[in-house]
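Undergrad: have a look; sequence and predicted model below, questions after that.
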Amino acid sequence: MAGDLPEYYFRIRENGAAVFKVDTENRQRRIEMEEIAIANIKNGSIKPHGDRKLTPEETAIITGWMAQRVAVLAARDVDDIHRAVDHMNLVTQWAQSKASDAQLEDVTDTLLLAMHDLRTVLVRKKAERLTQGASPVGSEA
């Protein structure tokens, strides 16, 4: 098992990770993990643990992990939205075919407000994108 382990381990935290150096080359042949840094993906900072000085290689590995983590989280956000669209379709089908009057009474106002809020934001954002992409009148060459 020791040969399969990565040299660094990233313990995920809310805004990044605690970074550990993995050591299996000790006399007891145990897995030891030494915390070397805290990586914050929200502000891009890397703080060495204690008095430790990070090597350029360690900094590069942590920076690479941070970039990869940001990409994973962004992809998850988009996937969550696609799942929400699927769920909205399932809610529509439920409301049309299965929901009782009492169930609809319980959720209708909340759903309508949430959908109105979402629609308002989407329409405003789309209008902003369209106006930003349009060239000013009379500036065509």
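TA: Everything's here; your move.

Undergrad: at which residues are the helices of this protein located?
TA: Ranges of helices in the chain, per DSSP state H, are 56-97, 101-133.

Undergrad: so in terms of bridging, what pairs with Val22?
TA: Residues found in beta-bridge contact with Val22 (criterion: DSSP bridges) are Met33.

Undergrad: how's this structure carved up into domains?
TA: 2-98, 99-132 (automatic domain parsing).

Undergrad: now these in JSON lines, with mean pLDDT and mean neighbour count?
TA: No exception for glycine: its C-beta is placed from N, CA and C like everyone else's. As requested, those are exported to JSON lines (pLDDT from 0 to 100; neighbours: other Cβ atoms under 10 Å):
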{"stretch": "domain 2-98", "mean pLDDT": "94", "mean neighbour count": "13"}
{"stretch": "domain 99-132", "mean pLDDT": "97", "mean neighbour count": "10"}
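
Undergrad: okay, which residue is most central for the chain?
TA: The chain has Leu73 as the residue nearest its centroid, 2.5 Å off, counting by Cα atoms, centre = their mean.

Undergrad: now do the same contact list for the residue nearest to that one when sequence neighbours are not counted.
TA: Sequence neighbours aside, Ile41 is the residue nearest to Leu73 in space, at 7.7 Å (criterion: Cβ to Cβ, 6 or more residues apart in numbering). Listed by Cβ atoms under 8 Å, 6 or more residues apart in numbering, the contact set of Ile41 reads 15-16, 66, 69-70, 73.

Undergrad: do that again at 7 Å, thanks
TA: If you count contacts by Cβ atoms under 7 Å, 6 or more residues apart in numbering, Ile41 has them with 15-16, 66, 69-70.

Undergrad: can you put the residues you listed in TSV and add distance to Val85?
TA: As requested, the contacts of Ile41 are exported to TSV (distance: Cβ to Cβ, whole Å):
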residue	distance to Val85
Asn15	28
Gly16	30
Met66	30
Arg69	25
Val70	24
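
Undergrad: re the thing from before, let me have the helices of the chain in a markdown table, adding distance to Pro48 as columns.
TA: Formatted as a markdown table, the helices of the chain follow (distance: least, Cβ to Cβ, whole Å):
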| stretch | distance to Pro48 |
| --- | --- |
| helix 56-97 | 9 |
| helix 101-133 | 40 |
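
Undergrad: many thanks, we can stop here.
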